[in-house]
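> coords please:
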Amino acid sequence: QYYGLSLDRLIMKYYLLILLLLIPAAVWSASPQILLTTDQSEVSIGQMFSAKISLLPNGDSINALTGEITLPESLELKQIEDGGSIVSFWIERPAVRDGKITFSGIIPGGFTADRGPVFSLNLVAKSAGKVSLVIQKLKVLRNDGQGTELAVKTSPVLITVNKTEVEFSKALPADNLKPESFQPIVSRDPALFDGQWFLAFMTQDKQSGVDHYEVREGGDDQTWVKTESPYLIRDQSLKNKIVVRAVDRAGNIQEAVVILRPWYSVWLYGGILLLVSIFILWFIVFIFRKLFWRPRSSPF
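Have a look, this model is predicted:
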C-alpha cells in the first residue's frame, strides 16, 4: 500500500488521470483547422514572401467559412491569389477593407479532402522586428443542410524581419491563362427578383483568380456592366443577346454567350412534340389495321 491506497487502485487512478488529460487533446485535434503558413519564417526588409491559408476538415464536410486577418503596418500587401481555391463561390472575395483582409465563401457540396487551399497573400516586409499574422472572427460551417457551426482551431504565424535591406525585385507570378470556360444559366425563382428572369454564373481561374464579372445585353455597341451572380436580366422578353465575361486579376478575359430560352420556345417545342406523338400514334393504328383488321362478312 501507498498512503492508504492499494497498488492496484493507485495504478487505476494514474491511468484514469492520463485518460482525462488525453480526451480534450483528442477532441481538439479532431476539430477542423484553418492553417496559416508562410514559405519563410525569416525575411529581410524589402523581401517578398507568401502566406497561405488552407482548410483541414479533419473528417468533417465543410461548405462555408469566413474570417479576417489584420494586416500589420510593417507588412505591405502586394497581391491576393485565390486561383485554384476550394472556395468556388465567394460571398466576400478576399480583399483589404479598413486595414483588414476579410473573406467569406461557400464550397457547394462540401469539402472533405485532407487539405485544401483557400487563398494566399504576397507580402513585403517594410521594417525590422517580429510580426505575427493571425486569422480572427473565424467561422466554419458543416455541410449538413443546417449550416451547423463547428469548433475550429487556428494559430498565428510569426515572421522575423531582420535589419538587412534588399531591393524589391521579385516579380509577381505571371498569369497568361484565361479563367476556365463556363456557361451561364437563365432561370427564375419566386424567391429572387420577384420571379423575374436572372442569370447565374460562376467560374475559376487557376492562377491569379477571378477579379470580377461583366455582362453585356444587346449588340456590340452596348456597354459592359460590372456585376455579380445572380444578375437580373434587364430585357425580360429574353430577345437580346447576352454575353458574360470573367476577368482575372491579370486582366485575362473568358467570355460566354448565354443560351436564351424565351417563353414561346416551350410552346414551340411542346407543339412539335405533340404533332410527332400524334403522327406516331396514327402510324401504329394504320399498320395495325393493315395487318390484323379484316372486314366482317354480312350474314345476309
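> Run a quick neighbour tally on residue 258.
20 (other C-beta atoms under 10 Å). All C-beta atoms are positioned from the backbone trio N, CA, C, and that covers glycine.
> How about residue 79?
Other residues within reach of residue 79, judged by other C-beta under 10 Å, total 15.
> Pull the residues that contact the helix or strand where it lies.
Assigned by DSSP states H and E, residue 79 belongs to strand 75-81. The contact list for strand 75-81 (C-beta atoms under 8 Å, 6 or more residues apart in numbering) reads 48, 71, 94-96, 101, 119-126, 131, 133, 172-173, 207-209, 249.
> what lines up beside that strand in the sheet?
strand 116-125 (antiparallel) (DSSP bridges).
> For the partner strand, give the mean pLDDT please.
Strand 116-125 shows a mean pLDDT of 91.
> for this structure, where's the lowest mean pLDDT among helices and strands?
Using mean pLDDT, DSSP states H and E, helix 7-29 stands out as the lowest-scoring helix or strand of the chain, at a mean of 47.
> helices and strands around the helix or strand following that helix, which ones?
Toward the C-terminus, helix 7-29 is succeeded by strand 33-38 as the next helix or strand (DSSP H and E). Applying 3 or more C-beta pairs under 8 Å, 6 or more residues apart in numbering; DSSP states H and E, we find strand 33-38 packed against strand 48-56, strand 62-70, strand 135-142, strand 157-165.
> Go through those and name the closest to residue 258.
Residue 258 sits nearest to strand 62-70 of all those, at 27.6 Å, using C-beta to C-beta.
> between the closest one and strand 33-38, how many degrees?
40 degrees (axes from the mean of the first three to the mean of the last three C-alpha atoms, to 10 degrees).
> partners of strand 62-70 in the sheet?
Here strand 62-70 is paired, per DSSP bridges, with strand 100-111 (antiparallel), strand 135-142 (antiparallel).
> picking that back up, return the set of buried residues in the strand holding residue 79.
In terms of neighbour count (16 or more other C-beta atoms under 10 Å), strand 75-81 has its buried residues at 75, 80, 81.
> The next helix or strand after that strand versus strand 116-125: what angle between them?
For strand 75-81, the following helix or strand on the C-terminal side (DSSP H and E) is strand 89-97. Angle of strand 89-97 versus strand 116-125, following the same axes, to 10 degrees, is 10 degrees.
> Can you lay out the buried residues of strand 75-81 as TSV showing pLDDT and distance to residue 58?
Below are the buried residues of strand 75-81 laid out as TSV (pLDDT from 0 to 100; distance: C-beta to C-beta, whole Å):
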residue	pLDDT	distance to residue 58
75	91	29
80	88	26
81	85	25
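> tell me which of those is nearest to residue 213?
Checking the buried residues of strand 75-81 against residue 213 by C-beta to C-beta gives residue 80 as the nearest, at 17.4 Å.
> what sits opposite the closest one in the beta ladder?
Beta-bridge partners, per DSSP bridges, of residue 80: residue 121.
> Can you check which helix is longest in the protein?
helix 263-292 (DSSP state H).
> Buried among the contacts of strand 75-81? Make that a PyMOL selection.
Entered in PyMOL, the line below selects the buried ones among these, by 16+ other C-beta under 10 Å:
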select buried, resi 48+71+94+101+119+120+121+122+123+124+125+131+133+207+208+209+249
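> Let's have the strands paired with strand 62-70 in CSV, adding distance to residue 257 and mean pLDDT.
Formatted as CSV, those follow (distance: least, C-beta to C-beta, whole Å; pLDDT from 0 to 100):
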stretch, distance to residue 257, mean pLDDT
strand 100-111, 24, 90
strand 135-142, 35, 92
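> Relative to residue 221, which of these is closest?
Proximity to residue 221 (C-beta to C-beta) singles out strand 100-111 among the strands paired with strand 62-70, at 36.1 Å.
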